[in-house]
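**Student:** generate a structure from the sequence data that follows.
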Amino acid sequence: MRFLRCAHAEFLLVFPRLTRTRLGISLTALGTTLVWLSAHALDPLTATLQAGALGAILGAAEIVGRGSDRAALTTALTHPTTALAVATGRWLAIVLPPAALTIVCAAAMGWHASAVAAGFAAAAAVGGCALALVLLLGNGAALALFLFMAVAGTVAPERLVGLAHPGVLRLTTASAIELGPALWHYRDIATGDVGAVLHAFAWTGLGILLASACIARRRARVSAGRR
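**Tutor:** Numbering: from 1, shown residues only. This is a model prediction of the structure:
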């Protein structure tokens, strides 16, 4: 119960961020853009996946990307809680707004429950990855991940490797797309692919665990500096 209370306390951070920072405006702009693109050229399933994934990256940048946010994580650990509870609460705060955005975008583009499920999986997996990366590297990592997901995340790695002269950069990108929480994986969730669901669960858990380790290491460093 203590774990759940601590995670819930960290999650509640999302509400003031939605109304008092750029997060709410950014998510609204993202959703509007994706709905407009889907009406012109973008596949609705891809738009739904990007609503979840790109929204999660925006959330990570606003909720854990600032220096004051990372300092607050250390302060939270002075209370009876654990790094895992803090990381789980922040992950929930990152993921639930883009999950709501996914529902709104799917409703605007023509409701398909399978596409919404895929969007939820994308938000969860990319949110876990973004949480760990932003805690470790800051908002520069959020920008790089956002651009990667927006430009290359929906491309299957076979299309890059199959080029006549793919080059080192393209091979590296293909490897990242193959192993990471890329959106081409999660398109298959809409058709009931269990492997794609497990891939999303794996990245969700891995991201939270890595974020927990980053938070715990930050606390250990601060504690060592006070001695």
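**Student:** got the buried residues for the top helix by length along the chain?
**Tutor:** The longest helix of the chain (DSSP state H) is helix 194-226. Across helix 194-226, burial judged by 16 or more other CB atoms under 10 Å covers 196-197, 199-200, 203-204, 207-216, 218-219. Using the backbone N, CA and C atoms, a C-beta is placed for each residue, glycine as well.
**Student:** other SSEs contacting it?
**Tutor:** helix 67-76, helix 83-109, helix 113-137, helix 183-187 (3 or more CB pairs under 8 Å, 6 or more residues apart in numbering; DSSP states H and E).
**Student:** quick one: the second one to helix 113-137, angle?
**Tutor:** Interaxial angle of helix 83-109 relative to helix 113-137 (axes from the mean of the first three to the mean of the last three CA atoms, to 10 degrees): 140 degrees.
**Student:** does anything pack onto helix 83-109? Which helices or strands?
**Tutor:** Helix 83-109 packs on helix 2-11, helix 14-20, helix 23-40, helix 44-63, helix 67-76, helix 113-137, helix 194-226, going by 3+ CB pairs under 8 Å, 6+ apart.
**Student:** for those, which one ends up most surrounded?
**Tutor:** Comparing these by mean neighbour count (mean count of other CB atoms under 10 Å), helix 44-63 ranks first with a mean of 28.
**Student:** and that helix, C-alpha only, in CSV?
**Tutor:** Presented in CSV, the C-alpha positions along helix 44-63 are these (Å, rounded to 0.1, in the frame of the first residue of the first chain):
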residue,chain,number,x,y,z
PRO,A,44,-4.8,7.0,-39.2
LEU,A,45,-3.2,4.1,-37.4
THR,A,46,0.2,5.8,-37.7
ALA,A,47,-1.3,9.0,-36.5
THR,A,48,-2.8,7.2,-33.4
LEU,A,49,0.6,5.6,-32.7
GLN,A,50,2.4,8.9,-32.9
ALA,A,51,-0.2,10.5,-30.6
GLY,A,52,0.8,8.1,-27.9
ALA,A,53,4.5,8.0,-28.5
LEU,A,54,5.2,11.7,-29.3
GLY,A,55,2.9,12.8,-26.5
ALA,A,56,4.8,10.6,-24.1
ILE,A,57,8.1,12.2,-25.1
LEU,A,58,6.6,15.7,-24.6
GLY,A,59,5.4,14.6,-21.2
ALA,A,60,8.8,13.2,-20.2
ALA,A,61,10.4,16.5,-21.2
GLU,A,62,8.0,18.5,-19.0
ILE,A,63,7.7,16.2,-16.0
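**Student:** helices or strands next to it in the packing?
**Tutor:** Packing partners of helix 44-63 (3+ CB pairs under 8 Å, 6+ apart): helix 14-20, helix 23-40, helix 83-109, helix 113-137, helix 139-151, helix 183-187.
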